[in-house]
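Student: here's a sequence, model it:
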Amino acid sequence: MRVAVITLAAGRHSHLLLQQAGLARGTRGPDHYVIVSMADPEIAALVVDRSPTADVLDVSLQSGRLPLAAARNAGAARALAAGADVLVFLDVDCVPGPGLLDGYARAAQDGALLCGTVAYLPPPPARGYRLDELAHLAPPHPARPAPADGQIVRGGDPRLFWSLSFALTADTWNHVGGFCEDYTGYGAEDTDYAATAARLGVDLWWVGGAAAYHQHHPTQNPPVQHVDDILRNGAIYRRRWGTWPMEGWLKDFEAQGLVEYVPATHSWRRRTDGSDAQAATRPVPSRPPERHGEARGEATPAKRQA
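Tutor: So this is what the prediction gives:
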């Protein structure tokens, strides 16, 4: 069974280096490591002589925005062309635990979308993160199931799917058909993907023993730097599925005077009275993101373990 790891990168060079170190320390290494550079010409130099299985693929920005959906599709196409049986998607700021690839490979089965646990790390100490200490720095995300090593929680809520660490077989990827490339910039493309998979009968499984660790970086809460992306992508999702994703964030933006809800059209838009100019944009430490079902306050339904 050939396992390919696919990651997207634009900046975050130190994160990418630690991810590579984590993959090298795993109980199983990737057979193919596809790094999709989104208009970052420095990425290739970061993998030379460090990752013998690495393959750097370049994609362009779309109207100045990161093409996250298109980049994942391009990375998957490259991995499939090289003969991958299992695709593992890992965000550039995520460090794989030593058993991540083994855990996903053992659980891989056609018709299943696999998600491992993710722990959000505190800021690194002055000496930086140490791979053998990551598991002790933070627990898994509290709003997702965290099965023990070797266990699988089936029947997961697709609204809680996250794309920062997931895996599936090549046949399942082809069945779902990839990410919708109408989405550009931040938000909703992963919610759309999970909804598409669920509509096609693909089950969401939470996989024990496939842990990843999200490296700390500054962010804002709510993510006001992405408000225009969230409005645009949210409207695309609403046209495709009839509901708005990320409503928790939209309501936070509304409270800050950035956006307003229009009941007559069931839509959200930028405020037009200029009040958003004074909206607060306070920086906060990185924490488990409210993506996307969690942001709506949706509860996770009962799961069954296997």
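
Student: after the strand or helix carrying L46 comes which helix or strand?
Tutor: According to DSSP states H and E, L46 maps onto helix 43-47. Downstream of helix 43-47, the next assigned helix or strand under DSSP H and E is strand 54-59.

Student: ok, back up a step: who does the helix holding L46 touch, helix- and strand-wise?
Tutor: Secondary-structure packing of helix 43-47 (3 or more CB pairs under 8 Å, 6 or more residues apart in numbering; DSSP states H and E): helix 13-24, strand 32-38, strand 54-59. Placement of C-beta: from N, CA and C, glycine included.

Student: which residues of the protein score low on pLDDT?
Tutor: 48-49, 273-306 (pLDDT under 70).

Student: quick check: domain ranges of it?
Tutor: 3-218, 220-284 (automatic domain parsing).

Student: for those, which one ends up most surrounded?
Tutor: Among the domains of the chain, ranked by average contacts under mean count of other CB atoms under 10 Å, first place goes to domain 3-218 (a mean of 19).

Student: what sits up against the helix holding L46?
Tutor: Identification of contacts with helix 43-47 by CB atoms under 8 Å, 6 or more residues apart in numbering yields A9, H13, L16, L17, Q20, Y33, I35, S37, A54, V56.

Student: tell me the SS of the closest residue in space to G103 that isn't next to it in sequence?
Tutor: Closest residue to G103 apart from its sequence neighbours, by CB to CB, 6 or more residues apart in numbering: A210 at 3.3 Å. Assigned state for A210: strand (three-state reduction, DSSP: H, G, I helix; E, B strand; the rest coil).

Student: from V3, how far off is A210?
Tutor: 12 Å (CB to CB, to the nearest Å).

Student: what's the overlap in contacts for these two?
Tutor: Joint contacts of A210 and V3 (CB under 8 Å, 6+ apart) are L101, Y104.

Student: can you show me the helices along this structure?
Tutor: 13-24, 43-47, 68-81, 100-107, 170-176, 189-199, 227-241, 247-255 (DSSP state H).

Student: many thanks, we can stop here.
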